[in-house]
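Enquirer: predicted model and sequence follow; I will ask about them next.
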Amino acid sequence: MKIAILGTGNVGKALWKGLSKKHEVKFGSRNPIPSKVNGAEVLHLSDAAKWADVVIAAVPYRAMREVVEKAGKENLKGKVVIDVSNPLDESGAQAVGFSSSAAEELSKMLPGAKVVKAFNTVFAENMGSGSIGAHKLTLFIAGDDKSAKGIVEGIGKDIGFEPVDVGPLRTSRYIEPMGLALISMGFMQRMGTRIGISLVKD
């Protein structure tokens, strides 16, 4: 599968590490210099969006609108677009909640795209393996398109996660606070980033 990761930060690089073993992965950037990151080609956002089957938006929530505009809404139409963001504003406070979510706002920006929420409840350090030591992490997935969620589940399993379908895209309103709670535990409570969330099933 051809996967474009929009963003070359820690999250994008970690997802590249987990996905490049089984998929063809390229990065998209507003300024594609250098031309390679971790050995993967870096394209302009619009070129990466055109090339890919699946697009991962691995940028901060506050940068999402600009990135979408530069990637080109027409280039993303009909494609699976994975939102990995947590809705934080510049001060680190929750920017969206209760009546909407970052993923739902992204879906409004991209009519015709198949937006799926995933990966936001995992620290970048653990995204490349989907586990912490011997413990598999849960990949919580929300979306309105069943086939799109199936693709994301497959991608998650390829990395090493245990995917769980949480429901339609509006359930991102529940998943995103989980990500924010994890950030609080990791940094405010000083637990560090070698922590994660697993759903226990009997």
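Expert: On my side now, so go ahead.
Enquirer: now do the SS call for residue 200.
Expert: coil (DSSP: H, G, I helix; E, B strand; the rest coil).
Enquirer: helices of the chain, residue ranges please.
Expert: For the chain, the helices defined by DSSP state H cover 10-19, 45-51, 64-71, 73-76, 102-109, 124-127, 146-159, 172-183.
Enquirer: out of the ones you listed, which gets nearest to residue 32?
Expert: Shortest distance between residue 32 and those, using Cβ to Cβ, is found for helix 45-51: 8.2 Å. (Glycine included, C-beta is placed from N, CA and C.)
Enquirer: which elements pack onto the closest one?
Expert: If contacts are counted by 3 or more Cβ pairs under 8 Å, 6 or more residues apart in numbering; DSSP states H and E, helix 45-51 sits against strand 2-6, strand 24-29, helix 64-71, helix 73-76.
Enquirer: quick one: strands adjacent to the second one?
Expert: If I follow you right, that is strand 24-29. strand 2-6 (parallel), strand 40-44 (parallel) (DSSP bridges).
Enquirer: buried sites along it?
Expert: For strand 24-29, burial by neighbour count (16 or more other Cβ atoms under 10 Å) applies to 25, 26, 27, 28, 29.
Enquirer: gap between that strand and the chain center?
Expert: 14 Å (Cα atoms, centre = their mean, to the nearest Å).
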